[in-house]
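Visitor: give me coordinates for this.
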Amino acid sequence: MAKDVIVALDFKDKEDTLAFLDKFTGRKPFVKIGMELFYAEGPDIVREIKKRGHKIFLDLKLHDIPNTVKKAMASLSRLDVDICNLHASGGSEMMKYAIEGLTRADGTRPLLIAVTLLTSIGEERLREELKGSLPLDRTVEEYAMLAAKSGLDGVVCSPLEAGKVKDKCGKSFLTVTPGIRFADGEKGDQVRVTTPALARSLGSDYIVVGRPITQAADPVAAYERACAEFLG
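Guide: Presented below is the predicted three-dimensional model:
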């Protein structure tokens, strides 16, 4: 299974996004388009970046009633992205409907992964605010197993849980892991974080890196550092 570094394009508009991508002369990083950019620019920004030759993880975290998610996924499937996602907490029926909507007439579809718990959530918040009855790592495992049983290709989780997810769901079940920081960097608003090298050793298939690359003085050098540490 190929591993890769996914760069989170957390920019406010098309101009800033394309100016950032223009720095990568001759390289086409795998990128993530999230809510901020998608809501600002709409589907056209996805088409523009895809036309430039980038693989795309469309990170919209769908979570609604099953039929609504199915119809939304049918629309997203026409954008030719590589990965889409939703929240596992929406339940098995929602996830199964999402696969139906995402699958095109020819039987192809993007990879579909489920968010387990956001990496900004720690044990205390899970227990006190979200009223979780299980420890954090067990909660992630349960959501991952539910996603696997529903036919999804993998999950979004912290690198700290990647190995346990693999143990429960199989080595081919994808782990896409945000919460990545360089050893000499700041954590920001993330709680469950690791370095790229540690994420590799823990079993991450893809790491998602945002500010350590996008806000670096030299984004290309920061990207190359992330690749070197994660891919070896």
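Visitor: where do the helices sit along this structure?
Guide: With helices called from DSSP state H, the chain shows them at 14-21, 35-41, 43-51, 66-77, 92-102, 123-128, 136-149, 159-169, 196-202, 211-214, 219-231.
Visitor: can you mark which positions in the longest one are buried?
Guide: Right, the one you point to is helix 136-149. 136-137, 139-141, 143-148 (16 or more other CB atoms under 10 Å). C-beta: built from backbone N, CA, C; applies to glycine.
Visitor: okay, now the unreliable bits of this protein?
Guide: For the chain, the stretches with pLDDT under 70 are 1, 185-192.
Visitor: partner strands of the longest strand along the chain, parallel or antiparallel?
Guide: The single longest strand within the chain, with elements called by DSSP state E, is strand 56-62. According to DSSP bridges, strand 56-62 forms sheet pairs with strand 30-33 (parallel), strand 83-87 (parallel).
Visitor: relative to Glu123, which of these is closest?
Guide: strand 83-87 (19.5 Å; CB to CB).
Visitor: let me know the angle separating the longest strand of the chain from helix 92-102.
Guide: Orientation check (axes from the mean of the first three to the mean of the last three CA atoms, to 10 degrees): strand 56-62 against helix 92-102 gives 140 degrees.
Visitor: mind exporting strand 56-62 as CSV, just the C-alpha atoms?
Guide: C-alpha atoms of strand 56-62 as CSV (Å, rounded to 0.1, in the frame of the first residue of the first chain):
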residue,chain,number,x,y,z
ILE,A,56,-7.4,15.4,-3.7
PHE,A,57,-8.8,14.4,-0.4
LEU,A,58,-12.1,16.3,-0.1
ASP,A,59,-12.6,16.7,3.6
LEU,A,60,-16.2,17.8,4.2
LYS,A,61,-17.0,15.4,7.0
LEU,A,62,-20.6,14.8,5.9
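Visitor: okay, now the residue nearest to Ser77 when sequence neighbours are not counted: neighbour count?
Guide: Of all residues not flanking Ser77 in the chain, Leu102 sits nearest, at 4.9 Å (CB to CB, 6 or more residues apart in numbering). Around Leu102 there are 23 other residues, counting by other CB atoms under 10 Å.
Visitor: what residues does Val81 make contact with?
Guide: Val81 sits next to 33, 46, 50, 56-58, 110 when contact means CB atoms under 8 Å, 6 or more residues apart in numbering.
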